[in-house]
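Student: Just to be clear, the model below is a prediction. Sequence and coordinates:
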There are 2 protein chains.
Amino acid sequence: MSVSAFDLDGYLASRRQLVDEALDRSMPGEDVPPATVHRAMRYSVFAGGKRLRPILVIAGAEAVGASADTVMPTACALEMIHTYSLIHDDLPAMDDDDYRRGRLTNHKVFGDAVAILAGDGLLTLAFRAIADNASRVGNAALACAAVAEIADAAGTLGMVGGQVVDIESEGKTVSAETLDDIHRHKTAALLRASLRVGAILGGGTTAAVDAITTAGDRLGLAFQIVDDILDVEGNLAELGKTAGSDERKKKATYPALHGIEASRAKARALITDAIGALVPLGPAAEPIRALCHFVVNRRS
Amino acid sequence: MSVSAFDLDGYLASRRQLVDEALDRSMPGEDVPPATVHRAMRYSVFAGGKRLRPILVIAGAEAVGASADTVMPTACALEMIHTYSLIHDDLPAMDDDDYRRGRLTNHKVFGDAVAILAGDGLLTLAFRAIADNASRVGNAALACAAVAEIADAAGTLGMVGGQVVDIESEGKTVSAETLDDIHRHKTAALLRASLRVGAILGGGTTAAVDAITTAGDRLGLAFQIVDDILDVEGNLAELGKTAGSDERKKKATYPALHGIEASRAKARALITDAIGALVPLGPAAEPIRALCHFVVNRRS
């Protein structure tokens, strides 16, 4: 894979700033009653995330000729859904994590009850934001399609389902098929949906949406494999959570089942596949291609 | 108030059956993987609820001349949202209830992690269902409006927000204003939204939607006041939860602040108000009127 001349750092920084500003506008302020839950929601949403999912929504739209602005409410929705899932996953009843990105997790600061409700509030607000996208795209049917796509990717047939299988598999011997299943549902489904709804809301043709969906599928799985590798290799400074936490909890990982080198090769092959699917889209897909490289080369 | 000739029992039974059948069709089966979470979702959705919120959606649609079928996906969505809120409210981190409607609560059967995820799954599936309503009403803009209305009523500016204030008020002296605020947000907002989105999706005029919204607002608050009265008076056989549980948890209630008789009078006055708002709608609003009487006269 040749290194693209595309300025990825500049792209990520500019899009991240747009997303951060839009998130700030689309969420109730810290003083809006009941203030506790709004503070809790903002604590986790503004915790230094990469904004990968919103930027994928934007890149999906840009690849079919639409602007970031057109899809911004849905981009924000994807970050809200991602954040709610982290808040609930970190709860004592679930993964029981005290730190994330080097900061105390939501329930350690606000208590379990408010953390549960902050997650519920974010998930609910996310769908409000997608519905609001109808007026921007001037096509309510596309916004309804986005609600359906994202609900499928986030629900029990997607992310929530993956988390169920993940929790049920802790401490058990997991087959390669089950691990693939967990990764596809728990992480890849929402990443795939992010790119896909960007292309749908951007008004892409069926062929373009299909190509972008394929790229999203491969990128999503590659992301989780790299996440597993980073968990094995990482340290608190780089990853912001206790390194090796998956191993500590006896969670199955890609490197544990296949080894580090085979895992790296698999991630690279998936990204090659993703970039292959994007060929018909030409230069407009350059941000997605750059994001593919970013996902596989990231160090945190 | 004169007793209506409308056959409320027959109406409730027929609509409840339609809702139960539609809920069964709109939720993954117990064998669909991951089966645990789908069993947990169905355990609480099919726990003998009154289906009040879905029937309000239907009655709202019927009052503007639309059929139950037209709004059925959204009717189901309201029951999913109501059920998710009960599952999360019952968690040890929240109200810590072991029984509801005479059965073990979700987390007592499936564990806290699966109960959290079953709630998340139901909330997510609810928005999927509302989006699916677009094709039935032949107007995606109305479905987007329904997503927005219901998200507002269910989120931190509605139901979730009410639960936050409720939890924060436990064991404290609560003013009449705060109690009203809790009731309006925690319960009334979603009941009001149920009637309102039925009328919106049913294609009602602005005047009709406004009248139905006023009725929903009064009916919603009356429902919660009656709930408080039943909690004080009730017993395990009638209500299916430990009677006086609000008092045991030192939760503020309407009768505790205002006395039983004043509470009853307030509920009746609200229902009179609701029925007054419905006058311009004529006979088509008969189901809503009957539901108003049902809410204030119910024994469980």
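Tutor: Looks like it came in fine.

Student: which residues are in contact with stretch A:135-146?
Tutor: With contact meaning CB atoms under 8 Å, 6 or more residues apart in numbering or on different chains, stretch A:135-146 is reached by A:69-74, A:130-131, A:133-134, A:197, A:200-201, A:203, B:131, B:134, B:139-141, B:143-144. C-beta here means a position set from N, CA and C on the backbone, and glycine is covered the same way.

Student: Repeat that for stretch A:289-296.
Tutor: Outside stretch A:289-296, the residues that touch it by CB under 8 Å, 6+ apart are A:1, A:3-4, A:6, A:8, A:11-12, A:52, A:55-56, A:59, A:215, A:219, A:222-223, A:226, A:267-268, A:271, A:274-275, A:278.

Student: Please list only the buried members of the residues you listed.
Tutor: With burial judged by 16 or more other CB atoms under 10 Å in any protein chain shown, the buried subset of the contacts of stretch A:289-296 is A:8, A:11-12, A:52, A:55-56, A:59, A:215, A:219, A:222-223, A:226, A:267-268, A:271, A:274-275, A:278.

Student: Return the subset of those lying in helices.
Tutor: Cross-referencing the buried ones among the contacts of stretch A:289-296 against helices under DSSP state H gives A:8, A:11-12, A:52, A:55-56, A:59, A:215, A:219, A:222-223, A:226, A:267-268, A:271, A:274-275.

Student: so is the residue in chain A sticking out farthest from the centre in a helix, a strand, or just coil?
Tutor: The C-alpha centroid of chain A is most remote from A:Pro33, which lies 28.9 Å away (CA atoms, centre = their mean). Secondary structure for A:Pro33, judged by DSSP: H, G, I helix; E, B strand; the rest coil, is coil.

Student: Pull up the gap between it and A:Arg39, please.
Tutor: Distance of A:Pro33 to A:Arg39, given as CB to CB, to the nearest Å: 11 Å.

Student: Ok, A:Leu104 next?
Tutor: 14 Å.

Student: Counting neighbours, go ahead and name the busier of those two.
Tutor: The residue with more neighbours, out of A:Leu104 and A:Arg39, is A:Arg39; 18 against 14, by other CB atoms under 10 Å in any protein chain shown.

Student: Name the secondary structure element that contains the more buried one.
Tutor: Using DSSP states H and E, A:Arg39 sits within helix A:35-45.

Student: what does stretch A:160-170 rub up against?
Tutor: By CB under 8 Å, 6+ apart, the residues outside stretch A:160-170 that reach it are A:85, A:89, A:94, A:154-156, A:178, A:181-187, A:189, A:249-252, B:33-34, B:36-37, B:113-114, B:117, B:120-121, B:124.

Student: Make a PyMOL selection of the buried ones in these.
Tutor: Those of these that count as buried under 16+ other CB under 10 Å are selected in PyMOL with:
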select buried, (chain A and resi 85+89+94+154+155+156+178+181+182+183+184+185+186+187+189+251+252) or (chain B and resi 34+36+37+113+114+117+120+121+124)
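
Student: Give me the subset of the contacts of stretch A:160-170 lying in strands.
Tutor: If you go by DSSP state E, the contacts of stretch A:160-170 have nothing in strands.

Student: For the helix holding A:Arg39, what does the pLDDT average out to?
Tutor: Average pLDDT, helix A:35-45: 98.

Student: That one: which residues count as buried?
Tutor: Quick answer for helix A:35-45 (16+ other CB under 10 Å): A:36-45.

Student: Check stretch A:279-289 too.
Tutor: Here stretch A:279-289 shows A:281, A:285-289 as buried, counting by 16+ other CB under 10 Å.

Student: Any chance of TSV for those residues, columns distance to A:Ile150 and secondary structure?
Tutor: Shown next, in TSV, are the buried residues of stretch A:279-289 (distance: CB to CB, whole Å; DSSP: H, G, I helix; E, B strand; the rest coil):
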residue	distance to A:Ile150	secondary structure
A:Leu281	22	helix
A:Ala285	22	helix
A:Glu286	25	helix
A:Pro287	20	helix
A:Ile288	18	helix
A:Arg289	24	helix
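
Student: so which of those comes closest to chain B?
Tutor: A:Ile288 (25.7 Å; CB to the nearest CB).

Student: From what I see, the closest one and A:Ala61 are in contact.
Tutor: No: with contact defined as CB atoms under 8 Å, A:Ile288 does not count as touching A:Ala61 (10.6 Å).

Student: Next up, the contacts around the residue nearest the centre of chain A.
Tutor: Geometric centre of chain A, nearest residue: A:Arg53, 4.2 Å, by CA atoms, centre = their mean. A:Arg53 is in contact with A:75, A:78-79, A:81-82, A:190-191, A:194, counting by CB under 8 Å, 6+ apart.

Student: ok, and the closest non-adjacent residue to it?
Tutor: By the measure of CB to CB, 6 or more residues apart in numbering or on different chains, the closest residue to A:Arg53 outside its immediate chain neighbours is A:Leu78, 3.9 Å from it.

Student: related to what we said a few turns ago, roughly how far does the residue farthest from the centre of chain A sit from chain B?
Tutor: 7 Å (CB to the nearest CB, to the nearest Å).

Student: and that residue, what does it touch?
Tutor: Here A:Pro33 is in contact with B:161, B:165 (criterion: CB under 8 Å, 6+ apart).

Student: now it: how far from B:Ser169?
Tutor: Distance, A:Pro33 to B:Ser169, by CB to CB: 13 Å.

Student: ok, and which of the buried residues of helix A:35-45 reach chain B?
Tutor: Within the set of the buried residues of helix A:35-45, contact with chain B (CB under 8 Å from any CB of the partner chain) is found for A:36-38, A:41.

Student: ok, which pair from those is furthest apart?
Tutor: Spatially, the most separated pair among these is A:Thr36 and A:Met41, at 9.8 Å (CB to CB).

Student: Overlap in contacts, the two.
Tutor: Counting by CB under 8 Å, 6+ apart, no residue touches both A:Thr36 and A:Met41.

Student: okay, the closest residue to A:Asp180 other than its chain neighbours: pLDDT?
Tutor: What sits nearest to A:Asp180 in space, not counting adjacent residues and going by CB to CB, 6+ apart, is A:Leu221, at 7.8 Å. According to the prediction, A:Leu221 has pLDDT 95.

Student: ok now do A:Leu221, which residues does it touch?
Tutor: Contacts of A:Leu221 (CB under 8 Å, 6+ apart): A:180, A:183-184, A:188, A:270.

Student: among those residues, which are in helices?
Tutor: Counting by DSSP H, these place A:180, A:183, A:270 in helices.

Student: Let me know the closest of the residues you listed to A:Asp20.
Tutor: A:Asp20 lies nearest to A:His183 out of the ones in helices among the contacts of A:Leu221, by CB to CB, at 28.1 Å.

Student: need the contact list for the closest one.
Tutor: The neighbourhood of A:His183, defined by CB under 8 Å, 6+ apart, consists of A:162, A:221, A:224-225, A:254.

Student: Please consider this matter closed, and thank you.
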